[in-house]
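Novice: Curious how this folds, go ahead:
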Amino acid sequence: MKNNVDVRTLLSVYEKIKTQGHTIDFGSELDGIQCTENQDGYCVSMSDGTVSLDINFHNTYHFHTRNEDPDGVINQTTTEFHNNNEAQIQAFLKKLEVLDQKY
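Specialist: The predicted model follows:
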């Protein structure tokens, strides 16, 4: 992936969603971004419905996009598939950046 992700900033955004957002069934939500954490607190997740981001212990992270499987996407080359997913991830990161600046 082409992005440089600052995990500390992501965790700061997560904390803002958790403390300033409203409570939903499975976590908190702020400006269309939902966040959850597992029971021991070692893994947190954020999602906008198109892209989700898991941040794990030792600051490792993984993005998931709506179309994870390139074989399941009809009429799209592998390059188009990867570019589409990268664009979705970049748009998600921009939403997190805006949220971080706003709150």
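
Novice: Where does the prediction get shaky in this protein?
Specialist: 1-3, 67-84 (pLDDT under 70).

Novice: Show me where it has its helices.
Specialist: 7-20, 78-102 (DSSP state H).

Novice: number of nearby residues for Val5?
Specialist: 16 (other CB atoms under 10 Å). For glycine as for every other residue, the C-beta is placed from the backbone atoms N, C-alpha and C.

Novice: follow-up on the earlier one: buried deepest among the helices of the chain, which one?
Specialist: The highest average neighbour count among those, using mean count of other CB atoms under 10 Å, belongs to helix 7-20 at a mean of 16.

Novice: Run through who's touching it.
Specialist: For helix 7-20, contacts defined as CB atoms under 8 Å, 6 or more residues apart in numbering pick out 27-30, 33-35, 44, 46, 53, 55, 59, 61, 96, 99-100, 103.

Novice: before we move on, back to that, select, out of the helices of the chain, the one closest to Thr65.
Specialist: Closest to Thr65 of these, according to CB to CB: helix 78-102, at 4.5 Å.

Novice: That closest one - contacts with which helices or strands?
Specialist: Applying 3 or more CB pairs under 8 Å, 6 or more residues apart in numbering; DSSP states H and E, we find helix 78-102 packed against helix 7-20, strand 33-37, strand 51-55, strand 61-65.

Novice: Leaving out chain neighbours, which residue sits closest to Gly21?
Specialist: Closest residue to Gly21 apart from its sequence neighbours, by CB to CB, 6 or more residues apart in numbering: Leu30 at 3.2 Å.

Novice: Check whether that neighbour really touches Tyr103, as I assumed.
Specialist: Yes - contact criterion CB atoms under 8 Å: Leu30 and Tyr103 qualify, at 7.4 Å.
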